[in-house]
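Asker: Pasting a predicted model and its sequence here:
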Amino acid sequence: MTLTVLAPDGVPEIRPGDDLAALVVAALSPVDGDVLLVTSKVVSKAESRSLPGTDRLAAVEAELAEPGARVVARRGPTTIVRTRLGLTLAAAGVDASNVARGNVLLLPLDPDGSARALRRAVAERTGANVGVVVTDTAGRAWRTGQTDIAIGAAGIMVVDDHAGRTDGYGNELMVTAPALADELAGAAELAQGKLAGRPFALVRGRADLVLPPGEDGPGAAVLVRVEGEDLFGYGAREAVVRALAGEPADQVPFGAPAGAEEMADAVARVMGVVAEPVGDGLAVPVDPLLAPLAFAHGWYLADAPEEGPEKARIRPVTP
């Protein structure tokens, strides 16, 4: 297989209201089966998502006020945010680089929608059936450095679920699912660079990933795990604080309630006592550690300690 990545020089500065499709077509001359990749930065600029005279920290706090957004972790000046789109990004994706001094740039309101609109416009101008990926830069847990990922996509297979297939040795695959759109974003970034002024890229050689005309697919949104399904919903410090505070709204990122055996094991490890099965819950000696421990596992303290004043009953939030 031969994969070709083209990222041309000479793209002009993108301004609010610019015809992004016209600029992409002029720079890349796409044909059927190509995948077009554009940085979220130029999409945001064209869609007037620039905020002149705005402090970046203030913009991050404003993004945190959006429904569904929350802090994942904070360390000094660094804030990792799960945005209203479900993307987990430093500074909520608010960008102050490659923009005029004193300006900040927000992410596109609807990256998948932006990708669909660009795909349609390219097809209207050229007749070419292409895939489109909107990219952004993100860090990775446990890894130094950043890479580009897909935050918007249209007309392309974004993930390839291998579950149920077998490898060359006859082993059945269970969880393997290459994030194809992210891999394409990373390949394009190798040609684009960060400071070279190449916001557009074309990947040729994977026409098999491009969907038929009129089929946009589910978009990059399917690459975002549903809140509570990720094993790392909070940073280490934040998880402790959230469990101790015990605010009901903070519980979802801890995930589905643990099973009784896991809950009992946690009680034994932290409190050094045995939790006894009682009805739909567990009877545990009263201890200040019990409430936050239960909270972190999706359990709660029942109103009445039915097993006597020295015992408390804990139950899963959803039995």
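Answerer: Looks like it arrived, so ask away. Numbering: from 1, shown residues only.

Asker: mind listing the helices for the protein?
Answerer: 20-28, 40-46, 56-64, 111-126, 180-192, 236-245, 260-271, 290-296 (DSSP state H).

Asker: Tell me which of the ones you listed is the most buried.
Answerer: Neighbour counts (mean count of other C-beta atoms under 10 Å) averaged over each of the helices of the chain peak at helix 40-46, with a mean of 24. Heads up, the C-betas are built off the backbone N, CA and C, glycines and all.

Asker: now what about that helix, what contacts it?
Answerer: Contacts to helix 40-46, defined as C-beta atoms under 8 Å, 6 or more residues apart in numbering, come from residues 11, 14-18, 20, 50, 93, 95, 98-99, 105-108, 111, 114, 134-136, 151-152, 199-200.

Asker: Going through those residues, which ones are buried?
Answerer: In the contacts of helix 40-46, burial by neighbour count holds for 11, 14, 20, 50, 93, 95, 99, 105-108, 111, 114, 134-136, 151-152, 199-200, counting by 16 or more other C-beta atoms under 10 Å.

Asker: now the strands: where do they sit in the stretch 1-150 of the chain?
Answerer: Remark: strands of the stretch 1-150 of the chain, listed N- to C-terminal, are 4-6, 35-39, 50-52, 70-75, 78-82, 88-90, 103-105, 131-140, 143-154; assignment by DSSP state E, counting those that start in this stretch.

Asker: Which of the ones you listed sits closest to Glu247?
Answerer: Set against Glu247 and scored by C-beta to C-beta, those come closest in strand 70-75, at 11.4 Å.

Asker: How about the contacts made by Gly205?
Answerer: Remark: with contacts taken as C-beta under 8 Å, 6+ apart, Gly205 is in contact with 1-4.

Asker: ok, so of these, who is nearest Arg206?
Answerer: Proximity of these to Arg206 was ranked by C-beta to C-beta; the top entry is Leu3 with 6.7 Å.

Asker: burial of the closest one, as a residue count?
Answerer: Burial of Leu3 is recorded as 10 neighbouring residues (other C-beta atoms under 10 Å).

Asker: Help me confirm that it comes into contact with Ala207.
Answerer: No - under the contact definition of C-beta atoms under 8 Å, Leu3 does not touch Ala207, with a separation of 11.2 Å.

Asker: With distance to Met157 and mean pLDDT added, can I get the helices of the chain in a markdown table?
Answerer: Supplementary listing: the helices of the chain in a markdown table, determined by distance: least, C-beta to C-beta, whole Å; pLDDT from 0 to 100:
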| stretch | distance to Met157 | mean pLDDT |
| --- | --- | --- |
| helix 20-28 | 21 | 97 |
| helix 40-46 | 20 | 97 |
| helix 56-64 | 30 | 94 |
| helix 111-126 | 14 | 98 |
| helix 180-192 | 6 | 97 |
| helix 236-245 | 35 | 97 |
| helix 260-271 | 36 | 97 |
| helix 290-296 | 37 | 96 |
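
Asker: and of the ones you listed, who's closest to Leu282?
Answerer: Once C-beta to C-beta is applied to the helices of the chain, the stretch that comes out nearest is helix 260-271, at 6.0 Å.

Asker: Show me what the closest one is packed against.
Answerer: With contacts defined as 3 or more C-beta pairs under 8 Å, 6 or more residues apart in numbering; DSSP states H and E, helix 260-271 has these neighbours: strand 281-285, helix 290-296, strand 311-316.

Asker: Please tell me how far Val210 sits from Met157.
Answerer: Per C-beta to C-beta, to the nearest Å, Val210 is found 8 Å from Met157.

Asker: Between those two, which has more neighbouring residues?
Answerer: Under the criterion of other C-beta under 10 Å, the comparison of Val210 against Met157 puts Val210 first, with 22 against 17.

Asker: Any stretches of the stretch 201-319 of the chain with poor pLDDT?
Answerer: Confidence mapping of the stretch 201-319 of the chain against pLDDT under 70 gives the ranges 303-309, 319.

Asker: Report pLDDT for Thr176.
Answerer: Looking at Thr176, its pLDDT is 81.

Asker: start the count at 27, not 1, going forward
Answerer: I'll keep to 27 as the first residue from here, and by that count the last item is Thr202.

Asker: how many neighbours does it have?
Answerer: Thr202 has 11 neighbouring residues, counting by other C-beta under 10 Å.

Asker: Would you list the phi and psi of it?
Answerer: phi -70, psi 130 (degrees, to the nearest 10).

Asker: Okay, domains of this protein per the record?
Answerer: Partitioning the chain according to automatic domain parsing yields domains covering residues 30-75+134-249, 262-342.

Asker: Now do the last one: distance to the chain's middle.
Answerer: Its chain's C-alpha centre lies 29 Å from the corresponding centre of domain 262-342 when counted by C-alpha atoms, centre = their mean, to the nearest Å.

Asker: How about the longest one?
Answerer: Using C-alpha atoms, centre = their mean, the mean C-alpha position of domain 30-75+134-249 is found 15 Å from that of the whole chain.
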